[in-house]
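> Sequence plus predicted model, see below.
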Amino acid sequence: MGDSDRIRFDHPLRRLFTELVGRRFFDDVRLQDFELVRYTADLLTDFADARRLYWLRDASGRALDDVGEMLLGSHPLLAPHGSFDRERAIRKHIGDFTLFMAGLFPESIARHRRRGSLRLDAFVDYIQAGKESYAIVSSYDQLEYQHEAPLFRKLSEQFELCVFGLNLVKGDLERLRHTAYERMRQALEPRLIL
């Protein structure tokens, strides 16, 4: 999936996520960094399309949702077609995936652990994997990656605060969903009674 497949810059969903993340990061978390707000809001917008969330595939073509398997696939010497650019891309995705899941769906992570599943995920600390992955991405600080390295360093260093901010955004989204449902129900209720 290329950049042309991304949700437009002026799309209402991107504006909503930018507003919610900005408010929570600035006001509640005190993480006053426009670059982190923009990156995190863009991440939420991009991952609204599940194809972007699950773009990483194993050798058989199965979409990966197991961070343990992603970590194995990121190693440049163990992965088929391994390269350092591929390691960077996968590590960036691991950072993004763990930030997204830990911030918006922490109950999903806990469910994998309770199920007693044989998934590698059960043995992975999402916070540590995310921080470490962003740190590795930030170490690619030469040539075409030079300008992005500081952002990923900040994401690694502020990972827990970003997760907390996204936990707050999740609450906002749940309230918005409930409010929209209630407005629709109230608008339809008089018609349903007659």
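Yep, that arrived. Residues are numbered from 1 along each chain as shown.

> rest of the way, CA atoms for contacts and neighbours
OK.

> any idea how far residue 88 is from residue 64?
Per CA to CA, to the nearest Å, residue 64 is found 17 Å from residue 88.

> Between those two, which has more neighbouring residues?
Neighbour totals were compared for residue 64 and residue 88, and residue 88 leads with 22 against 16 (other CA atoms under 10 Å).

> Return the residues in contact with the residue nearest the centre of the chain.
Geometric centre of the chain, nearest residue: residue 100, 2.8 Å, by CA atoms, centre = their mean. By CA atoms under 8 Å, 6 or more residues apart in numbering, the residues touching residue 100 are 43-44, 163, 166.

> So which of the residues you listed sit within helices?
With helices taken from DSSP state H, the overlap with those comprises 43-44, 163, 166.

> out of those residues, who's nearest residue 28?
residue 166 (11.0 Å; CA to CA).

> Could you tell me how many residues sit around the closest one?
27.

> distance of it from residue 8?
22 Å.

> for the host helix or strand of residue 13, what is the average pLDDT?
Assigned by DSSP states H and E, residue 13 belongs to helix 12-23. For helix 12-23, the mean per-residue pLDDT is 95.

> again with stretch 74-92
Stretch 74-92 comes out at a mean pLDDT of 78.

> got the contact list for the nearest residue to residue 139 once chain neighbours are set aside?
Of all residues not flanking residue 139 in the chain, residue 149 sits nearest, at 6.7 Å (CA to CA, 6 or more residues apart in numbering). Neighbouring residues of residue 149 by CA under 8 Å, 6+ apart: 137-141.

> Quick check: residue 149 vs residue 25, distance?
21 Å.

> Same check on residue 159?
Counting by CA to CA - residue 159 and residue 25 are separated by 12 Å.

> Likewise for residue 166?
Distance from residue 166 to residue 25, by CA to CA: 8 Å.

> Next: residue 50.
Taken as CA to CA, the span from residue 50 to residue 25 is 25 Å.

> neighbour-wise, which of these two wins?
Using other CA under 10 Å as the criterion, residue 50 and residue 25 rank with residue 25 on top: 25 against 9.

> which residue packs closest to that one, ignoring adjacent ones?
residue 31 (5.0 Å).

> again, but for residue 141
residue 149 (5.2 Å).

> what's the spacing between the one you found and residue 126?
The value you get for residue 149 to residue 126, if CA to CA is used, is 21 Å.

> With residue 150 instead?
For residue 150 relative to residue 126 (CA to CA), the value is 22 Å.

> Please say which of those two ends up with more neighbours.
residue 126 (22 against 17).

> So what's the residue count around residue 10?
If we define neighbours as other CA under 10 Å, then residue 10 has 8 of them.
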